[in-house]
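Visitor: missing the sequence, but the structure's below:
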């Protein structure tokens, strides 16, 4: 696989955009977006002058002080504070309120019903040794796609600007990559340790085996463990490097929920091991799936605040704060299904609707490639380690937060960079309509096949062929990311993908007894036509990136942010 490239930018510097010399003097940070402690984000370079850092730190401190004044210094709003409507999202207040009410009520009712349904499923399978817990995440994929399609239509009809094709494809691709590798990771590094602990050291008291006490206590236990999984994923650099891919999208919609890390699941199982001393694996697996599925619907901007439920449940409003890169959003709202642990441990923050949230990382990854998104933040840790001479202290690059300035003991953190929606420029490669349609069409075909592969039983016949086909699907998603990025070698990678597709079609004839010669011929023709079509864009794919395509913040971000805070304080 070709590594993600460094863009060649040819533009004239302007007042609102940093010049080339300014960019060269500001190298990439160690790990963007989140930090521990005070939650300072990593955007600046450690090689900047001390005075420059002091000035920017003053800006970040002033922002935090102002926000504390708004929230009464308690992390939540005083009773006399009345947030207004976010004009960037809700252009029709009456319509948005109606849609929000219907969607929030429907979502809450459906999830309560899902809890009841899962409890019935458990009662049926708990005493059957051979009964397996269904993979409800795979079963929910059609519901995910229908919900996303509905939100896309709503966004298109009312021109809300919630979706971009390249970003949405990247998010869904990341979810597909994670899901295709999930079964292996969950079996080897999730369920097996949990089962081993339960079988050897489980208390097995009847109170924790079934019944309302077992069901609802584990519901709280799973959410409590998830809170610490999530909090650690933001406050420890190693875990953030794996979890950060979920926050890499600069949009916030239902596809953002599907953007998951491949590696995070290989480590977070350890947080749930204490539950194995009490609760059976089947009961745990049902609750862990519900906790994950619940979080899909909260990745939306179409649902506003939900009244009294904001004091108990994790809601879309609260999770929007969690995904924000604004100063008041850092290291807040880690809950899965509930917000009670955030309120208990001091990490809860309500949404300030007068300050529209900017989503994504403070320093864009500059890629739509789902494979690169999973290792870029790990590469940043390696770069931090190289800046530290002491071999033992290199490990602090994994232990401290993402905002840690490498080599500082006691640890110091980078300042929070100011941002507003008006002064932030998203990473957005400019593709022709033809190339964009080609990527969307090929991606949809790949998405259909990947869904079929996920539905194929893991112990069915021809499992080797299916496993190799999984790798082909992953390579296809990687190729679409390269095309969206206009990465060097993207044309060669895509032509290689199409050639391998022809090989798979002809090889499949030797494995399956049914005559598939007609499908093989039609598939070969489709691959050849696709190869001819993508070759027509060879000149466009060689074009270097333009400055306007890169993600960055204007120089007047601090001024605009101060204006927003001043306006919020008037409310």
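Guide: Perfect, thanks for sending it. Keep in mind that this is a model prediction, so the values were computed, not measured.
Visitor: and the residue lying closest to residue 162 once chain neighbours are set aside, what does it touch?
Guide: Using CB to CB, 6 or more residues apart in numbering and skipping residues adjacent in sequence, the residue nearest residue 162 is residue 155, 4.3 Å away. Placement of C-beta: from N, CA and C, glycine included. Residue 155 makes contact with 161-163, 253, according to CB atoms under 8 Å, 6 or more residues apart in numbering.
Visitor: can you select the buried ones from those residues in PyMOL?
Guide: Buried residues among the contacts of residue 155 (16 or more other CB atoms under 10 Å), as a PyMOL selection:
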select buried, resi 162+163+253
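Visitor: JSON lines please, covering the contacts of residue 155 and showing pLDDT, distance to residue 441 and secondary structure.
Guide: Shown next, in JSON lines, are the contacts of residue 155 (pLDDT from 0 to 100; distance: CB to CB, whole Å; DSSP: H, G, I helix; E, B strand; the rest coil):
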{"residue": "161", "pLDDT": "85", "distance to residue 441": "23", "secondary structure": "coil"}
{"residue": "162", "pLDDT": "90", "distance to residue 441": "22", "secondary structure": "coil"}
{"residue": "163", "pLDDT": "92", "distance to residue 441": "17", "secondary structure": "coil"}
{"residue": "253", "pLDDT": "94", "distance to residue 441": "21", "secondary structure": "coil"}
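Visitor: pick out the most distant pair among the contacts of residue 155.
Guide: 161 and 253 (10.3 Å; CB to CB).
Visitor: helix/strand/coil for residue 317?
Guide: helix (DSSP: H, G, I helix; E, B strand; the rest coil).
Visitor: just use 41 as the starting number from now, easier for me
Guide: Happy to do that; since the first residue is 41 now, the last one works out to residue 357.
Visitor: ok, now which ones touch it?
Guide: Contacts of residue 357 (CB under 8 Å, 6+ apart): 343-346, 350, 390-391.
Visitor: residue 408 reaches residue 211, doesn't it?
Guide: No - with contacts counted by CB atoms under 8 Å, residue 408 stays clear of residue 211, the gap being 9.2 Å.
Visitor: out of the two, which sits in the busier spot?
Guide: Between residue 408 and residue 211, counted using other CB atoms under 10 Å, the more crowded position is residue 408 (31 against 28).
Visitor: could you pull up phi and psi at the more buried one?
Guide: Dihedral pair for residue 408: phi -110, psi 10, per degrees, to the nearest 10.
Visitor: how about it, what does it touch?
Guide: Taking CB under 8 Å, 6+ apart, we find residue 408 in contact with 206-207, 209-210, 469, 521, 524-525.
Visitor: any idea how far residue 322 is from it?
Guide: 39 Å (CB to CB, to the nearest Å).
Visitor: one more: residue 168?
Guide: 9 Å.
Visitor: pLDDT below threshold where in the stretch 441-590 of the chain?
Guide: 494-502, 549-556 (pLDDT under 70).
Visitor: and the helices in it, which stretches?
Guide: 473-495, 503-525, 530-551, 557-575, 578-581 (DSSP state H, counting those that start in this stretch).
Visitor: off-centre distance for the first one?
Guide: Going back to what we said before, that points to helix 473-495. The chain centroid and the centroid of helix 473-495 are separated by 20 Å under CA atoms, centre = their mean, to the nearest Å.
Visitor: what's the answer for stretch 248-258, then?
Guide: 31 Å.
Visitor: for it, buried residues please.
Guide: The neighbour-count check on stretch 248-258 (16+ other CB under 10 Å) flags 248-250, 254-255, 257-258 as buried.
Visitor: how near is the residue lying closest to residue 476 once chain neighbours are set aside to residue 311?
Guide: Leaving aside its chain neighbours, residue 476 sits nearest to residue 205 (6.2 Å; criterion: CB to CB, 6+ apart). For residue 205, the distance to residue 311 (CB to CB) stands at 36 Å.
Visitor: hey, which helix or strand in this protein has the poorest pLDDT?
Guide: Sorting the helices and strands of the chain by mean pLDDT, DSSP states H and E puts helix 60-64 at the bottom, at a mean of 39.
Visitor: same for the helix or strand in which residue 236 is found, what does it pack against?
Guide: Using DSSP states H and E, the element containing residue 236 is helix 232-241. Counting contacts by 3 or more CB pairs under 8 Å, 6 or more residues apart in numbering; DSSP states H and E, helix 232-241 is packed against helix 321-334.
Visitor: need the contact partners of the helix it packs on.
Guide: Counting by CB under 8 Å, 6+ apart, residues outside helix 321-334 touching it are 151, 154-155, 158, 161-162, 165-166, 171, 173, 175-177, 180, 231, 234-235, 238, 249-250, 254-255, 258-259, 262-263, 266, 312, 315-316, 354, 376-377.
Visitor: emit the PyMOL select command for whichever of those residues are buried.
Guide: Restricted to buried positions by 16+ other CB under 10 Å, the PyMOL selection for these reads:
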select buried, resi 151+154+155+158+162+165+173+175+176+177+180+231+234+235+238+249+250+254+255+258+259+262+263+266+312+315+316+354+376+377
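Visitor: isn't the residue nearest to residue 476 right next to residue 483, touching?
Guide: No - in this structure, residue 205 is not within contact of residue 483 by CB under 8 Å, at 9.2 Å.
Visitor: pull the distance from the helix or strand that contains residue 160 to the chain's centre.
Guide: Here residue 160, judged by DSSP H and E, is contained in helix 133-165. How far helix 133-165 lies from its chain's middle: 23 Å, per CA atoms, centre = their mean.
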